[in-house]
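1. Sequence and predicted structure are below.
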Amino acid sequence: MLSGRDIICISSIDWDAHWQIHHQIASSLVAGGNRVLFVENTGVRAPGVRDFSRMRQRVANWWRSTKGFREVSPGLYVYSPLFAPFPYSSIARWFNRTVMFRGLMRWMAAASFRRPVVWTFLPTPTAQDLIAAVDPSAVVYYCADDFAATSPGARRVSQSEAVMFRRADLVFVTSERLRQKAAQVSSAVHAFPAGVDFGKFEAVRQSANSLPADLATLPRPVAGYIGALHLWLDQDLMARVSEQLPDVTFAFVGPEQVDVTRLTARPNVRLFGARPHDQVPAYVKGFDVALVPYLRSDFTDSVYPVKLNEYLAMGVPVVATDLPEIRRFNERHGDVLEVAGNADEFVDRVRLAVADRHPDRASRRVAVARENSWSARLEEMSTLVESAIRTRAANERGWEHRFRRLYARTQRRTIEILVSLLLVYLLLFQTPLTWWLAEPLKLDAPPQKADVIAVFAGGVGESGEAGGGYQERTKHAVDLYRAGFAPRIIFSSGFVFAFREAELMKALAIANGVPERAIVLEEHASNTHENVRFVTQLMAKAGWRSALLVSSPYHMRRALLAWRAADPSTTVVPAPVPQSQFYTHGRGANLAQIRGIIQEYAALAYYWYKGWV
């Protein structure tokens with residue numbers, strides 16, 4: 001048995017999902033004296049609406065852990081990564097390499113996880129990037145599902161799976177169809193169908209413990225199913241069979257993943273929902289006959305049902321639909337299963353199985369399960385993995401190989417950094433991204449009659465240069481005054497460079513036809529908070545209750561929020577400068593504009609912290 005190794009298991013399901021091969025492999029490897037990091041599913045397709053609950057659960061898992069990592073039992077760690085869930089996107093892969101993998105590498109360094117064996121259930125580009133990042137001592141691809149047949153969105157996995165078949169040191173498969181597919185590319189393919197934790201089931205089978213209370217009360221006989229109620233479960237078949245066998249109770253133990261109204265409509269069908277895997281043996285023990293009622297499809301043609309040997313370990317007769325792996329199992333083990341090609345045959349097989357009480361046949365089923373135990377499977381797997389580790393180590397021996405590997409890794413990281421910088425440059429300077437991000441800062445409204453036009457001057461403003469922006473703000477205020485929207489203007493600025501900014505604005509307005517009596521100066525404010533405070537004091541003293549607020553376009557939200565926080569009774573209408581010279585732009589932004597937008601968001605956050613907005 002493999003022992004004393006660090007192992008990364010790249011799973012195609014989450015740890016909290018119902019018990020499957022992934023959990024069994026990880027737990028068994030830990031029991032054998034290894035440390036295992038179980039990386040939760042990163043997907044084989046882009047997410048859809050139906051994945052929202054799973055994505056929400058992922059965020060919850062990350063939140064309740066330490067940066068996504070948690071120890072669920074001694075030696076067994078689970079990583080719930082936050083990642084870009086687009087496994088075939090080059091941008092998403094870049095993001096995952098620079099963000100998700102960085103966290104993984106830090107954890108590995110903290111946990112002294114070095115040269116791990118990678119045992120992956122996923123063949124996606126994201127999984128392959130992860131493998132390259134951790135510098136594995138060996139790579140095992142356990143091909144347990146035909147991902148390309150699961151959904152149209154997953155068909156793109158075929159190309160990357162071919163690469164995984166070729167690059168993995170070992171390829172384990174669960175069915176003959178998957179073996180044939182892998183063997184077209186790899187010469188290191190080995191068939192290891194799902195096994196059974198025989199000791200756990202044997203202990204329950206031989207015990208005198210009573211059945212689960214909810215199962216024990218059901219009318220007998222009971223035909224039971226263990227596993228997820230998914231889209232490959234033939235509900236139409238089960239509805240017809242349960243209708244023709246009204247004296248049989250049909251029990252389904254597992255999470256509901258699809259609409260199951262066809263089952264719940266039957267009076268002799270009971271749904272138990274998900275149960276912990278430790279309780280599964282007790283439920284199977286309570287079945288008079290166990291069921292594998294799967295639809296025939298491209299996907300199920302490559303499926304070896306995990307529950308098969310669990311049923312047999314309890315000595316329970318099994319009735320299954322006519323799947324290729326079911327037929328192959330019967331050929332290897334002497335027709336130990338009852339196989340049905342249609343609903344009528346399924347009914348007949350259930351009747352025969354319910355009547356089957358012969359102890360020799362029950363013993364035969366248990367013996368077959370013992371042959372297919374996980375302990376036997378893992379002994380064979382471990383021998384192959386240890387050999388693969390030695391082979392890779394021999395090929396890597398010598399300073400030349402180590403130097404080339406180190407050089408290649410450094411080169412890859414350098415390229416990733418350069419590509420990252422180029423991508424950031426293109427996004428910021430050659431696309432509208434900056435302006436899209438800045439859009440929430442802008443506020444505007446049609447001008448309307450008001451008591452005053454309040455102008456918040458810029459000081460050094462966004463440009464960082466004295467006088468930046470005061471002229472265009474003064475010009476816009478003059479235009480509003482001439483249009484008759486207000487009888488007076490307040491210029492607010494305490495900034496002084498060579499001259500007082502407020503005085504300059506007043507002189508500029510007078511030069512453009514605004515009478516001096518219509519101008520009020522506020523010459524003490526040094527920031528937006530003080531602009532609001534001093535202007536509202538002036539307005540309250542004069543009895544003015546409405547204002548048109550003139551300032552920079554991207555300063556307007558902070559200014560308006562600050563005003564409403566300080567004096568919510570005043571009517572304030574945002575009237576930003578329509579054409580700001582500083583913010584004039586084409587498709588992208590320049591460095592000064594980006595700095596200005598960042599400073600405005602930072603100032604907004606600071607004002608929120610101070611309670612000024």
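-> Right, received. Where do you want to start? Numbering: from 1, shown residues only.
2. Would you mind listing the residues in contact with the nearest residue to Trp19 once chain neighbours are set aside?
-> Spatial nearest neighbour of Trp19, excluding adjacent residues (CB to CB, 6 or more residues apart in numbering): His277 at 3.5 Å. From N, CA and C alone the C-beta is placed, and that goes for glycine too. By CB atoms under 8 Å, 6 or more residues apart in numbering, the contact set of His277 is 18-19, 23.
3. where's Arg102 relative to Phe495, distance?
-> 44 Å (CB to CB, to the nearest Å).
4. same thing with Leu423?
-> For Leu423, the distance to Phe495 (CB to CB) stands at 39 Å.
5. now Ile326
-> Ile326 is 83 Å from Phe495, by CB to CB.
6. Any idea what Ile10 is bridged to?
-> Applying DSSP bridges to Ile10 gives these bridge partners: Val39, Thr120.
7. my guess is it contacts Pro116, does it?
-> No. With contacts counted by CB atoms under 8 Å, Ile10 stays clear of Pro116, the gap being 10.8 Å.
8. Tell me which of those two has more neighbours.
-> Counting neighbours by other CB atoms under 10 Å for Ile10 and for Pro116 shows that Ile10 has the greater number, 28 against 22.
9. Next, the contact list for that one, please.
-> Ile10 neighbours (CB under 8 Å, 6+ apart): 39, 42, 118-122, 127, 130-131.
10. can I get those residues in JSON lines with distance to Ala559 and pLDDT?
-> Compiled in JSON lines, the contacts of Ile10 are given as follows (distance: CB to CB, whole Å; pLDDT from 0 to 100):
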{"residue": "Val39", "distance to Ala559": "48", "pLDDT": "96"}
{"residue": "Thr42", "distance to Ala559": "44", "pLDDT": "91"}
{"residue": "Val118", "distance to Ala559": "55", "pLDDT": "97"}
{"residue": "Trp119", "distance to Ala559": "58", "pLDDT": "97"}
{"residue": "Thr120", "distance to Ala559": "54", "pLDDT": "97"}
{"residue": "Phe121", "distance to Ala559": "55", "pLDDT": "96"}
{"residue": "Leu122", "distance to Ala559": "51", "pLDDT": "94"}
{"residue": "Ala127", "distance to Ala559": "50", "pLDDT": "94"}
{"residue": "Leu130", "distance to Ala559": "47", "pLDDT": "92"}
{"residue": "Ile131", "distance to Ala559": "52", "pLDDT": "94"}
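11. which non-adjacent residue is nearest Gly195?
-> Gly195's closest residue in space is Trp374 (CB to CB, 6+ apart), at 3.9 Å.
12. Surely Ala162 is within a strand?
-> No. Counting by DSSP: H, G, I helix; E, B strand; the rest coil, Ala162 is not found in a strand; it is helix.
13. where does it land on pLDDT?
-> Ala162 carries a pLDDT value of 93.
14. Which residue comes closest to it once chain neighbours are left out?
-> Val185 (5.5 Å).
15. Surely the one you found touches Arg167?
-> No. The criterion here is CB under 8 Å, and Val185 misses it with Arg167 at 9.6 Å.
16. Now the two most distant members of the contacts of Ile10.
-> Within the contacts of Ile10, Thr42 and Trp119 form the most distant pair, 15.0 Å apart (CB to CB).
17. Neighbour count for these two, which is higher?
-> For Thr42 and Trp119, the more surrounded residue by other CB under 10 Å is Trp119, and the numbers stand at 27 against 22.
18. was I right about the more buried one contacting Ile7?
-> Yes. Using CB under 8 Å as the test, Trp119 is close enough to Ile7 to be in contact (5.8 Å).
19. Give me the common contacts of those two.
-> Joint contacts of Trp119 and Ile7 (CB under 8 Å, 6+ apart) are Leu29.
20. the more surrounded of Ile326 and Phe495?
-> Set Ile326 next to Phe495 and count neighbours by other CB under 10 Å: Ile326 wins out with 23 against 20.
21. And the host helix or strand of the more buried one, what does it pack against?
-> Using DSSP states H and E, Ile326 maps to helix 324-333. When contacts are defined as 3 or more CB pairs under 8 Å, 6 or more residues apart in numbering; DSSP states H and E, helix 324-333 sits against helix 176-183, strand 338-340.
22. What is the distance between the longest one and the centre of its chain?
-> Put simply, helix 176-183 sits 30 Å off its chain's centre (CA atoms, centre = their mean, to the nearest Å).
23. Would you mind pulling the contact partners of that helix?
-> 143, 146, 165, 171, 173, 189, 191, 301-302, 324-325, 328.
24. Can you redo those as a markdown table, where the extra columns are secondary structure?
-> Formatted as a markdown table, the contacts of helix 176-183 follow (three-state DSSP):
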| residue | secondary structure |
| --- | --- |
| Cys143 | strand |
| Asp146 | coil |
| Phe165 | helix |
| Val171 | strand |
| Val173 | strand |
| Val189 | strand |
| Ala191 | strand |
| Asp301 | helix |
| Ser302 | helix |
| Pro324 | helix |
| Glu325 | helix |
| Arg328 | helix |
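25. How is the protein divided into domains?
-> In terms of domains, the chain is parsed into 6-195+380-393, 198-372, 398-429, 437-610 (source: automatic domain parsing).
26. biggest separation within the contacts of helix 176-183, which pair?
-> Greatest spacing in those, by CB to CB: Phe165 and Arg328 (21.4 Å).
27. Grab the nearest non-local neighbour of Asp288.
-> Closest to Asp288 by CB to CB, 6+ apart is Pro221, at 3.9 Å.
28. just to revisit the earlier point, highest mean neighbour count out of the helices and strands packed on helix 324-333?
-> strand 338-340 (a mean of 20; mean count of other CB atoms under 10 Å).
29. Output the helix or strand following that one as PDB - backbone C-alpha positions only.
-> Next in sequence after strand 338-340, counting helices and strands by DSSP H and E, comes helix 343-355. Extracted C-alpha coordinates of helix 343-355, given in PDB (Å, rounded to 0.1, in the frame of the first residue of the first chain):
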ATOM      1  CA  ALA A 343     -39.900  -2.700 -17.900                       C
ATOM      2  CA  ASP A 344     -41.600  -6.000 -18.100                       C
ATOM      3  CA  GLU A 345     -38.400  -7.900 -17.700                       C
ATOM      4  CA  PHE A 346     -37.500  -5.600 -14.800                       C
ATOM      5  CA  VAL A 347     -40.800  -6.500 -13.000                       C
ATOM      6  CA  ASP A 348     -40.100 -10.200 -13.500                       C
ATOM      7  CA  ARG A 349     -36.500  -9.900 -12.200                       C
ATOM      8  CA  VAL A 350     -37.700  -8.000  -9.100                       C
ATOM      9  CA  ARG A 351     -40.300 -10.700  -8.400                       C
ATOM     10  CA  LEU A 352     -37.600 -13.400  -8.700                       C
ATOM     11  CA  ALA A 353     -35.100 -11.500  -6.600                       C
ATOM     12  CA  VAL A 354     -37.700 -10.900  -3.800                       C
ATOM     13  CA  ALA A 355     -38.300 -14.600  -3.700                       C
END
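30. Now do the nearest residue to Pro125 once chain neighbours are set aside: how many residues are near it, please.
-> Among residues not flanking Pro125 along the chain, Ser160 sits closest, at 5.1 Å (CB to CB, 6+ apart). As a burial measure, Ser160 scores 20 neighbours (other CB under 10 Å).
31. next one: Val258
-> 13.
32. which residues does it contact?
-> Neighbours of Val258 in contact, by CB under 8 Å, 6+ apart: 229-231, 233.
33. follow-up on the earlier one: so the residue nearest to Gly195 sits against Pro193, correct?
-> No. With contact defined as CB under 8 Å, Trp374 and Pro193 do not form a contacting pair (10.9 Å).
34. Next one: Met381, what pLDDT does it get?
-> 96.
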